[in-house]
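Chemist: curious how this folds, go ahead:
(one chain, ligands or ions: 1)
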Amino acid sequence: MPELPEVEIVKRSLKNKVKYKKIKKIIISNRNLRFKIQKNFEKSLKGKSIVNVSRFSKYIILTLDNYNYCLIHLGMSGTLHLVNSKKKEKITNLSFYHSKILPKKHNHIKIKFSNFTVVYNDPRRFGFFKLLKNKKELKKYFIRSGPEAISSKFNFKYIKYKLLNKKKNIKNCLLDQTFVSGIGNIYANEILFYSKINPTKIAKKIGISEINKLIKYSKQVLNLAIKFGGSSIRDFKNAKGVSGLFQNKFKVYDRENKNCIRKNCNGKIIKIFISNRASFFCEFCQK
Ligand SMILES: [Zn+2]
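Modeler: Numbering: from 1, shown residues only. Model prediction:
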């Protein structure tokens, strides 16, 4: 599943290509994604220019010239491909997941511009496209979302207040999108390792210095992952054909039974399941 750093990379690649470009036509071959694509979708986007491409959490947001918004969520297996009308490119995928070139099947949405087409491919169809009519609808859509981990709103005062009296474990809190947006399972594991916090620790017992570590390392881990081009366990190439390297930088994720990499720690990484999600941590240095 694409996590925030991957979505950020897709957003940047997409923005480079489509900002200020006019949508000529939309072709939909399957409307049944996670949510059914709205009836007026094609009509509403045709002829509009894209004035901005932004991201909130794992959502890509296209701003149209009439200030309608198109939300894109890649779900579990969604990829965006850029297909040049004139020359055949070696790599079309704007993300690191799945096929580097456009697959033959499951191309559900085609957004045509004058010289190229952006194609949405999604074998499992958990992703979606949704049109929002104005800024108010956009705001409403994210009203229950917590601040992004990399934003200044994810700060001491906010975290302290939110974790006060919380009886669930800290790992589930980090994955709770109403508490903080955009931290997925891989990065929750990594952030807790850097912060030396045991993932099963009850949230209300998280101390002052631990909150400060969570703030620091949430930003550091995610920003580093963005810098290294996102991460993926599988098939890992971006649109320019450069390998993303962040998976080589995981400190705990997927390192079961290996030695803890922290200096002066003799612990081994153990794997447990918390709410059905794989959790890796060092039994010695994460308290
Ligand atoms: Zn350790």
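Chemist: SS state for Lys139?
Modeler: Recorded secondary structure, Lys139: helix (DSSP: H, G, I helix; E, B strand; the rest coil).
Chemist: can you get me a residue count around it?
Modeler: 10 (other CB atoms under 10 Å). (Each C-beta comes from the backbone N, C-alpha and C, glycine too.)
Chemist: now it: how far from the ion?
Modeler: Noted for Lys139: a distance of 43 Å to the ion, by CB to the ion, to the nearest Å.
Chemist: so which helix or strand takes in Lys130?
Modeler: Here Lys130 sits within strand 128-132, counting by DSSP states H and E.
Chemist: quick one: low-confidence residue ranges for the stretch 101-250 of the chain.
Modeler: Scanning the stretch 101-250 of the chain for pLDDT under 70 picks out the ranges 229-248.
Chemist: how about the strands in it?
Modeler: 107-112, 116-121, 128-132 (DSSP state E, counting those that start in this stretch).
Chemist: turn these into a markdown table, including mean neighbour count and distance to the ion.
Modeler: Listed next are the strands of the stretch 101-250 of the chain as a markdown table, based on neighbours: other CB atoms under 10 Å; distance: least, CB to the ion, whole Å:
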| stretch | mean neighbour count | distance to the ion |
| --- | --- | --- |
| strand 107-112 | 20 | 45 |
| strand 116-121 | 21 | 41 |
| strand 128-132 | 20 | 40 |
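Chemist: distance to Ile60 added to those, as a markdown table?
Modeler: Shown next, in a markdown table, are these (distance: least, CB to CB, whole Å):
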| stretch | distance to Ile60 |
| --- | --- |
| strand 107-112 | 12 |
| strand 116-121 | 11 |
| strand 128-132 | 10 |
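Chemist: relative to Lys249, which of those strands is closest?
Modeler: Ranking the strands of the stretch 101-250 of the chain by their distance to Lys249 (criterion: CB to CB) puts strand 116-121 first, at 27.9 Å.
Chemist: between the closest one and strand 128-132, how big is the angle?
Modeler: Inter-element angle recorded for strand 116-121 and strand 128-132: 120 degrees (by axes from the mean of the first three to the mean of the last three CA atoms, to 10 degrees).
Chemist: quick one, strand 116-121 and strand 107-112 angle?
Modeler: 160 degrees.
Chemist: other SSEs contacting strand 116-121?
Modeler: Secondary-structure packing of strand 116-121 (3 or more CB pairs under 8 Å, 6 or more residues apart in numbering; DSSP states H and E): helix 4-18, strand 79-84, strand 107-112.
Chemist: for the protein, what lies in contact range of the ion?
Modeler: Applying CB under 5 Å from the ion, one finds that the chain approaches the ion through 260, 262, 265, 267, 282, 284-285.
Chemist: okay, now the closest residue in space to Asn212 that isn't next to it in sequence: neighbour count?
Modeler: Spatial nearest neighbour of Asn212, excluding adjacent residues (CB to CB, 6 or more residues apart in numbering): Phe156 at 6.7 Å. Counted by other CB under 10 Å, the residues lying close to Phe156 total 12.
Chemist: follow-up on the earlier one: for Ile72, which of the strands of the stretch 101-250 of the chain is the nearest?
Modeler: Nearest to Ile72, of the strands of the stretch 101-250 of the chain and by CB to CB, is strand 128-132 at 5.6 Å.
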